[in-house]
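Engineer: I'll drop the sequence and a predicted model, then ask my questions.
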Amino acid sequence: MNAETTCPPAFLAIAHAMADAAAEVIRPWFRKRIPVDAKADASPVTIADRDAETVMRGMIEAAFPEHGIRGEEFGACRTNAEWIWVLDPIDGTKSFLSGSLAFGTQIALLHRGKPVLGLINQPITGERWLGTHATATLNGAPIRTSDQIRLGEAILYTSALEQFDPSHHERFAALAAKVRFSRFSHDCYAAGLLALGGIDLLVESNVFDYDILPQMPIVEAAGGVVTDWHGRLLIDAPQYETVLMAANAEIHRAALDLLRRD
């Protein structure tokens with residue numbers, strides 16, 4: 001995250017307002033039988049995904065028409081803008097459809113390509129993680145990642161193991177064999193748990209910008225480290241082949257020893 005860039009209060013305010021508006025759209029559809037469409041990559045999408053993003057995009061257009069937008073459902077506009085919003089109306093649509101609370105709305109704000117604000121909102125529980133250059137919070141209270149440095153005592157999460165390439169499965173298995181235990185299918189909620197100190201490692205593969213960019217400011221401001229599996233910093237890109245989020249630098253180095261392949 002760009003520590004030199006302060007997120008203007010008006011931008012922070014609209015991020016909260018968008019999260020509130022998206023939640024109002026999403027809540028009535030939760031644990032209801034809802035029509036499901038398949039996108040080009042066969043992933044599911046619903047009216048809740050589309051309507052929540054439509055509401056958020058409309059709010060940006062009304063308040064800051066010069067800002068760019070990149071959304072999961074409706075693509076990008078003004079991609080050369082100084083400020084660009086990255087929107088994921090429902091991260092974890094499969095969780096949402098199955099009645100799980102692992103999903104959430106994700107919002108990032110980029111300044112010249114660097115994320116300076118990240119927000120994860122769980123519309124049902126009301127949990128809201130926020131990360132800026134200054135701090136990471138859960139519902140306004142400061143949070144911190146764990147101080148676990150022993151790989152054998154670490155808790156490892158991943159969102160969707162089926163997205164991993166075959167070679168990545170092998171490396172993930174090597175890491176999973178060394179930690180205390182692993183859990184799957186927690187979507188953006190896993191990043192919130194990492195920032196909160198509940199888990200120590202979050203490993204992903206073949207994920208999109210709208211999956212990761214909102215999580216980075218939260219995890220980093222809480223004290224965590226975010227790189228790829230080679231230890232390289234993530235730059236603004238449409239997709240990431242590998243992502244490693246760790247609670248601290250020590251556990252990050254230990255995980256990299258098993259994940260990287262030169």
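Structural biologist: Yep, that arrived.

Engineer: list the contacts for residue 223?
Structural biologist: By Cβ atoms under 8 Å, 6 or more residues apart in numbering, the contact list for residue 223 reads 136, 144-145, 247-248. Glycine gets a C-beta too; all of them are placed from N, C-alpha and C.

Engineer: next: residue 32.
Structural biologist: Counting by Cβ under 8 Å, 6+ apart, residue 32 has no contacts.

Engineer: quick check, it in a helix?
Structural biologist: No - the assignment for residue 32, made by DSSP: H, G, I helix; E, B strand; the rest coil, is coil rather than a helix.

Engineer: how much space between it and residue 188?
Structural biologist: For residue 32, the distance to residue 188 (Cβ to Cβ, to the nearest Å) stands at 21 Å.

Engineer: neighbour-wise, which one of the contacts of residue 223 leads?
Structural biologist: Ranked by neighbour count (other Cβ atoms under 10 Å), the contacts of residue 223 have residue 247 at the top, with 28 neighbours.

Engineer: where does residue 70 sit: helix, strand or coil?
Structural biologist: When classified by three-state DSSP, residue 70 comes out as strand.

Engineer: relative to residue 253, how far out is it?
Structural biologist: Using Cβ to Cβ, we find residue 70 at a distance of 32 Å from residue 253.

Engineer: quick one: which of these two has more around it?
Structural biologist: The residue with more neighbours, out of residue 70 and residue 253, is residue 70; 23 against 14, by other Cβ under 10 Å.

Engineer: what sits against the closest residue to the more buried one other than its chain neighbours?
Structural biologist: Counting by Cβ to Cβ, 6 or more residues apart in numbering, residue 76 is the residue found nearest to residue 70 once chain neighbours are left out, at 4.5 Å. By Cβ under 8 Å, 6+ apart, the contact set of residue 76 is 68-70.

Engineer: so which of the residues you listed comes closest to residue 88?
Structural biologist: The nearest member of the contacts of residue 76 to residue 88, counting by Cβ to Cβ, is residue 70 at 9.7 Å.
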